[in-house]
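**Student:** Generate coordinates for the sequence data below:
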Amino acid sequence: MMISSSLRSIAAALLLAGATTSVLAEPTAPQREFADTMMLCNSHALLQHMYAHGKQLPGVPKAADYRELAYRAAGKEYVDPLLESRAVRDKAVEQLEALLNTKPYDGLSEKERDDHMNATWSKVISTCNEWASAGVGKAPKGK
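**Tutor:** Next up, the predicted model:
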């Protein structure tokens, strides 16, 4: 009888631990929103890195580790599938195109184009760094 009682106690403890773990593993809406923002910023940072061939562009701040911030906020189980999809990257490209198209490229010198690109990257990375610093539940809406 003593063994049966002990087994029930262990089983109950395991069930409670499992329930707690699954509740903790599910990110809250603010955590998901922050992670979504950080994944978008991560895509922007990767695009900027490719554009600059891995070099730091003049006037563009260093990007925070947006992927790590997304992982901390919502966990790898939530973040990884979204990072592997094209949706986040496509949204980043769409946003970047809209920002770049605020100034027509026709008639601009190469220096003016570079300046416009650097200013655009600076705006994007600065905004992402501000959101990263704000943290979960504090980043502004309208990414």
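**Student:** tell me, what residue is most central in the protein?
**Tutor:** Nearest to the centroid of the C-alpha atoms of the chain, with distances taken as Cα atoms, centre = their mean, sits Met38, at 1.8 Å.
**Student:** Which residues are in contact with that one?
**Tutor:** Contact analysis of Met38 by Cβ atoms under 8 Å, 6 or more residues apart in numbering lists Tyr66, Arg67, Leu69, Ala70, Ala73, Cys128, Trp131, Ala132. In this view, the C-beta of every residue, glycine as well, is placed from N, C-alpha and C.
**Student:** Skipping its backbone neighbours, what lies nearest it in space?
**Tutor:** Leaving aside its sequence neighbours, Met38 sits nearest to Ala70 (Cβ to Cβ, 6 or more residues apart in numbering; 3.9 Å).
**Student:** got it, and Pro30?
**Tutor:** Leaving aside its sequence neighbours, Pro30 sits nearest to Gly137 (Cβ to Cβ, 6+ apart; 3.9 Å).
**Student:** And the one you found, its phi and psi?
**Tutor:** phi 80, psi 0 (degrees, to the nearest 10).
**Student:** Next, count neighbours for it.
**Tutor:** 12 (other Cβ atoms under 10 Å).
**Student:** OK, contacts around it?
**Tutor:** Gly137 makes contact with Pro30, Glu33, Phe34, according to Cβ under 8 Å, 6+ apart.
**Student:** Give me the phi and psi angles of Pro61.
**Tutor:** phi -70, psi 160.
**Student:** and if you look at the one 3 residues further on?
**Tutor:** With angles defined as degrees, to the nearest 10, Ala64 shows backbone torsions of phi -70, psi 170.
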